[in-house]
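[1] Sequence first, then the predicted structure, then my questions.
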Protein chains: 2
Amino acid sequence: MAMDSFMEAAFNIAKTADFMRVRPNPLVGAVVVSGDGVILGQGCHEQFGQAHAELHAINNALRQKSDLSRCSLYVTLEPCSHQGKTPPCTELIKKHGIKRVIVGSRDPNPLVSGVDVLRNAGIDVEVHNHPELIELNKEFFVNQRYQRPYVVLKMAMTIDGKIADRNGNSKWLSNELSRKYVHEKLRPSADAILTTYNTIIKDDARLNIRKQDGSIYDKNVLVIDRDLKLLNRENSGLSIFQTHPNSIIYLFGAQKELKKVPDNVRVIFTDFDVDGNINLEVLMKLQFDLQHYRMLVEAGGKLATQLLMHNYIDEMHLFIAPKLMMDQHAIKFINANTILDISSTKEFELTEVNHIQSDAYLIYVRKFL
Amino acid sequence: MAMDSFMEAAFNIAKTADFMRVRPNPLVGAVVVSGDGVILGQGCHEQFGQAHAELHAINNALRQKSDLSRCSLYVTLEPCSHQGKTPPCTELIKKHGIKRVIVGSRDPNPLVSGVDVLRNAGIDVEVHNHPELIELNKEFFVNQRYQRPYVVLKMAMTIDGKIADRNGNSKWLSNELSRKYVHEKLRPSADAILTTYNTIIKDDARLNIRKQDGSIYDKNVLVIDRDLKLLNRENSGLSIFQTHPNSIIYLFGAQKELKKVPDNVRVIFTDFDVDGNINLEVLMKLQFDLQHYRMLVEAGGKLATQLLMHNYIDEMHLFIAPKLMMDQHAIKFINANTILDISSTKEFELTEVNHIQSDAYLIYVRKFL
C-alpha cells in the first residue's frame, strides 16, 4: 500500500532528526491530524533517551487547544508500550483519547506490542509496513530483529579483487583520501571495530580515529585472537595498547591460561571450531550485550568471507584501487567454495558509487526486506 | 609548460568537432593570431578526409583580408607534411608566409615531421607536448605510436571478480540495461570486435548491434580459433554466420587444412605458441592493416588476462553486478601469476564511475603518458 500524504508528512519529519544523535534509537516521526484533515501537531524523536515523536506531536497539537479525541495520530513506527527512558507512548495516546492510530511500520522487536495495547484499549489501529520506513531504520531493524549489531565491512582491494600481495603486504592499496575517509566517516559512525590479531600485528594497526582537524578518538576494538597472541610479551609494544585510552580492547580467545592483561584489555573466552573459526552467532550476541549496535569490520579476507557466507554483513564499503594485481597467489577479498551456480550468487544492492580521486568507492547493502 | 590562451582557444575549437565523424583522424584545432594578439581566424578538423584545421583557420583569416605574414598560427597537433586525402598543411603555411607556428603536440607518427619541414623553411616553430592534447587524441596516439588499434575491454563481473560460474555460465551477470549499453555505445564505437571461438559457441553469441529503436548493424568480428572449430560442420548453424551480412568474420587459426568457408568468413593463418596463445603483436599489426583503429574485446578471462599482461588494453569498461560468487572455482576475470609485489601492480586511471541500475559501471584507462 502506498504511503498517504499524512504518513509521508510523518516520514519527512522523521528524517529531519540527526541520525547520529538519535542512534541506536530509530528515527520516528508523528503527526496529529484533525477530523477534517488538517495537521494540528507534528514532531520527531530528536535525541536518544529523550521524548518520542508521539509526545512532541501531541504536545504540539495541545498547544493549539485541539480536541484530540477527534484526531488521528500517524506515526512512522509502532508506538512503544514499555517504560524505557521515557514513559510508554501507548499510555499517552490512551490518556488523550485519540481514537485512531495509523502505524507506518511494526516494531521489529516482537516484545514491543504497542498495536495490541492500543487495540485492547478500543482504539482503531491501522498497520502498514512501508518499505521506505523500514529502510529508514535498517540499522535499528537489524539490531532488534536479530539482536546483533548492524555490521559494516570496509575493504580496500584491487580491480581484480585482491586485498594484499602474496606476502600479505597491503600498504597502501587505496589512496590517502580514501584512508582519511575511514577516519572521518566510517570509524566515527561505529560503536566498535572488529578485527583479527593478524591484522593488528601485520601493520601495527592503531585502529583509532585521527581526524584531519588533529583530533584523536578511540572506539572499542574487538579482536579475534584464539590463542591470545596479542598478550605475548613480544607483542606488548604494539601501538594499539597505547592508542585506546578511553575504550576497551576485547580479545576473543579460547586460551584459558590467562597472562597479564593491560588495563584497557578484556579477555572474552569463547568457542572456536576445529578449523579455528569463531562462533559468529555467539560473537554477534555478545556485541549486542556490549551495546555495540553498529560494528565496523576491518580485517582480512578470511573473516570477511566467513561473515559474508553467514549473511552477517549488512553493508559493504569497497575502496577499489585502480590496479590489477595479476597474481592468483595474492590474497583475495573472497576465498570460498560455497556457491556453484550463477543463479545462487549472494545478492546485494548497490546504493552509492563514488570517485575518491583515483579510487572507486562503492557502497552495497544486504538485501534484507 | 601551461597552455596559453591561444592554444587553449585552439584546444576548445578542436573539441567542438564530433569525434565519431573525425575518427580515425585526430581532433585538431587551429587559430590564426595577429601581431597584436587578436584571433583573426579559427577552425577545426570537422570530418575524416576533409579539410584540416589549419586550412579552415587560414581561410577564415583571409576572409578578413588579414596579412598572414604578420600572424602566428597556433595548432593543437603538428601540421602534416605529406599528401594524404588533402594537401600537406606545411605547404599551406609556407604559401601564406606565416612566420611563427606554435605546435601543441607532436604527431605521434615519427614519419610525419611537419615541424622539421617548417623549420627548414625558416619558420619560427615552438613545440609543446601538452598532456591535455595528447589525452584528447589518445586513440590516435595509440594508433600511430604503436601501429595497432586502440583496445577496449568490456567485462561483466561479480564484486568478487568472477565472470562466470564454475560451469562457465555467465547468463546474465550484468543487468539488461548494462547489456543494452553495450549495443548502444560500445559496439557501435568500435571498428571490430575481438572474441574467441569459445565465447561464440558457449552462448551462440551474435555479436551484432541491436539498438533499442529496432535497427540492427554488424561490425567485423575477429575470432581467435586456432583449430578453426567454427568451421566444423556441427557449428555451421551458429547465429553469427547469419548476423553479419555486411561485415567480415576473420578467423585467426593455425590449421592449414581449410574446410569450406562461408561467404562472410576469412581465415587468417597465424602462429600460436606451445600454450596455444596467439602472437598478440602479430594480431595487433594485422588489425591496423585491416583499418581496425578501435577494437572492442568481448571474450573470457584467459584472453583478457593475456592482453592485460602485455599492456594491450587501453580502456576497460567494467560492469560490476551486485553479486558475490563466493566460489574460488568459478571463472575469474584475471588469472595470472605474474606480479608478486604490491609495488608492481598494473596501474590504471579511473575515469568514470556510474550506476546502471543495480550495476556499477567503471571505466578505466591505461596510464600511457
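    That came through fine. Residues are numbered from 1 along each chain as shown, chains lettered A, B, ... in the order given.
[2] Now A:Phe6: which helix or strand?
    In this structure, A:Phe6 is located in helix A:5-14 according to DSSP states H and E.
[3] Residue of the stretch 1-150 of chain A nearest chain B, please.
    The nearest approach of the stretch 1-150 of chain A to chain B comes at A:Glu135, 15.9 Å away (C-beta to the nearest C-beta). Every residue, glycine included, has its C-beta placed from N, CA and C.
[4] Give the helix, strand or coil label for that residue.
    For A:Glu135, the secondary structure call by DSSP: H, G, I helix; E, B strand; the rest coil comes out as helix.
[5] And it, how close does it get to B:Pro149?
    Here A:Glu135 is placed at a distance of 46 Å from B:Pro149 (C-beta to C-beta, to the nearest Å).
[6] you'd agree A:Gln212 is in a strand?
    No: going by three-state DSSP, the assignment for A:Gln212 is coil, not a strand.
[7] Do I have it right that A:Leu73 meets A:Ile98?
    Yes: using C-beta atoms under 8 Å, A:Leu73 makes contact with A:Ile98 at a distance of 5.2 Å.
[8] Return every residue with contacts to both of those two.
    A:32, A:58 (C-beta atoms under 8 Å, 6 or more residues apart in numbering or on different chains).
[9] who touches A:Ala10 in this structure?
    A:29-31, A:42, A:53, A:74-76, A:104.
[10] Greatest separation within those residues: which pair is it?
    Across those, the longest distance by C-beta to C-beta is 13.9 Å; it joins A:Gln42 and A:Gly104.
[11] Between the two, which has more neighbouring residues?
    Neighbour count, other C-beta atoms under 10 Å in any protein chain shown: between A:Gln42 and A:Gly104, A:Gly104 has more, with 28 against 22.
[12] Which residue is the nearest non-sequential neighbour of whichever residue of the stretch 101-250 of chain A sits closest to chain B?
    Residue of the stretch 101-250 of chain A nearest chain B, by C-beta to the nearest C-beta: A:Gly161 (3.5 Å). Nearest non-adjacent residue to A:Gly161, counting by C-beta to C-beta, 6 or more residues apart in numbering or on different chains: B:Gly161, 3.5 Å away.
[13] who touches the one you found in this structure?
    Contact partners of B:Gly161, counting by C-beta under 8 Å, 6+ apart, are A:159-161, A:333, B:332-334.
[14] Same question for A:Arg166.
    Residues in contact with A:Arg166 (C-beta under 8 Å, 6+ apart) are A:327, A:329-331, B:340.
[15] neighbour-wise, which of the residues you listed leads?
    A:Ala330 (25 neighbours).
[16] For chain B, see how far away that residue is.
    8 Å (C-beta to the nearest C-beta, to the nearest Å).
[17] got the contact list for that residue?
    Taking C-beta under 8 Å, 6+ apart, one finds A:162, A:164-166, B:339 in contact with A:Ala330.
[18] if we can go back for a sec, could I get the buried residue list for the helix holding A:Phe6?
    Neighbour-count burial for helix A:5-14 flags A:6-11, A:13-14 (criterion: 16 or more other C-beta atoms under 10 Å in any protein chain shown).
[19] Over to stretch A:342-356?
    For stretch A:342-356, the neighbour count (16+ other C-beta under 10 Å) marks A:342, A:345-346, A:348, A:350, A:353, A:356 as buried.
[20] and A:Val267, which of the three is it?
    A:Val267 ends up strand, using three-state DSSP.
[21] Look at the nearest residue to it once chain neighbours are set aside and report its pLDDT.
    In this structure, A:Val267 finds its nearest non-sequential neighbour in A:Leu251, 5.0 Å apart by C-beta to C-beta, 6+ apart. pLDDT for A:Leu251: 95.
[22] Kindly provide the distance from A:Leu251 to A:Asp203.
    Separation of A:Leu251 from A:Asp203 (C-beta to C-beta): 18 Å.
[23] Compare neighbour counts for these two and give me the winner.
    The neighbour comparison of A:Leu251 against A:Asp203 (other C-beta under 10 Å) goes to A:Leu251, with 22 against 14.
[24] distance of that one from chain B?
    Distance of A:Leu251 to chain B, given as C-beta to the nearest C-beta: 29 Å.
[25] shouldn't A:Tyr197 be in contact with A:Leu230?
    Yes: using C-beta under 8 Å as the test, A:Tyr197 is close enough to A:Leu230 to be in contact (5.2 Å).
[26] The biggest strand by length in chain A and chain B, any residue contact?
    Here the longest strand in chain A is taken by residue count, with DSSP state E as the criterion, and it is strand A:346-356. Yes: against chain B, strand A:346-356 shows contacts by C-beta under 8 Å from any C-beta of the partner chain at A:346-350, A:353-355.
[27] any chance of these in a markdown table, with pLDDT too?
    Formatted as a markdown table, the residues of strand A:346-356 next to chain B follow (pLDDT from 0 to 100):
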| residue | pLDDT |
| --- | --- |
| A:Lys346 | 91 |
| A:Glu347 | 93 |
| A:Phe348 | 96 |
| A:Glu349 | 95 |
| A:Leu350 | 97 |
| A:Val353 | 97 |
| A:Asn354 | 96 |
| A:His355 | 95 |
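[28] how's chain A carved up into domains?
    Domain assignment for chain A by the TED database gives A:5-137, A:147-221+A:235-247+A:274-366.
[29] returning to that earlier point: for the buried residues of helix A:5-14, give me JSON lines that also has pLDDT.
    Output for those, formatted as JSON lines (pLDDT from 0 to 100):
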{"residue": "A:Phe6", "pLDDT": "97"}
{"residue": "A:Met7", "pLDDT": "97"}
{"residue": "A:Glu8", "pLDDT": "97"}
{"residue": "A:Ala9", "pLDDT": "97"}
{"residue": "A:Ala10", "pLDDT": "97"}
{"residue": "A:Phe11", "pLDDT": "97"}
{"residue": "A:Ile13", "pLDDT": "97"}
{"residue": "A:Ala14", "pLDDT": "96"}
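[30] could I get those residues as JSON lines with distance to B:Asn59?
    Converted to JSON lines, these look like this (distance: C-beta to C-beta, whole Å):
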{"residue": "A:Phe6", "distance to B:Asn59": "69"}
{"residue": "A:Met7", "distance to B:Asn59": "68"}
{"residue": "A:Glu8", "distance to B:Asn59": "63"}
{"residue": "A:Ala9", "distance to B:Asn59": "65"}
{"residue": "A:Ala10", "distance to B:Asn59": "68"}
{"residue": "A:Phe11", "distance to B:Asn59": "64"}
{"residue": "A:Ile13", "distance to B:Asn59": "66"}
{"residue": "A:Ala14", "distance to B:Asn59": "66"}
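[31] residues contacting A:Ile39?
    Taking C-beta under 8 Å, 6+ apart, we find A:Ile39 in contact with A:6, A:9, A:31-33.
[32] rerun that using 6 Å as the cut-off
    A:31, A:33 (C-beta atoms under 6 Å, 6 or more residues apart in numbering or on different chains).
[33] A:Val221 too?
    Going by C-beta under 6 Å, 6+ apart, A:Val221 touches A:193, A:207, A:249.
[34] hmm, 10 Å instead?
    Residues in contact with A:Val221, defined by C-beta atoms under 10 Å, 6 or more residues apart in numbering or on different chains, are A:192-195, A:200, A:205-208, A:240, A:243-244, A:247-251, A:264-265, A:296, A:298.
[35] Next: A:Asn59.
    A:Asn59 neighbours (C-beta under 10 Å, 6+ apart): A:32, A:41, A:43, A:51, A:92.
[36] looking at it, A:Asp18 is touching A:Asn25, isn't it?
    No: counting by C-beta atoms under 10 Å, A:Asp18 does not reach A:Asn25; the two are 11.8 Å apart.
[37] neighbour-wise, which of these two wins?
    Under the criterion of other C-beta under 10 Å, the comparison of A:Asp18 against A:Asn25 puts A:Asn25 first, with 21 against 10.
[38] what kind of secondary structure is the closest residue to that one other than its chain neighbours in?
    Counting by C-beta to C-beta, 6+ apart, A:Phe48 is the residue found nearest to A:Asn25 once chain neighbours are left out, at 5.1 Å. At A:Phe48 the chain is in coil, as set by three-state DSSP.
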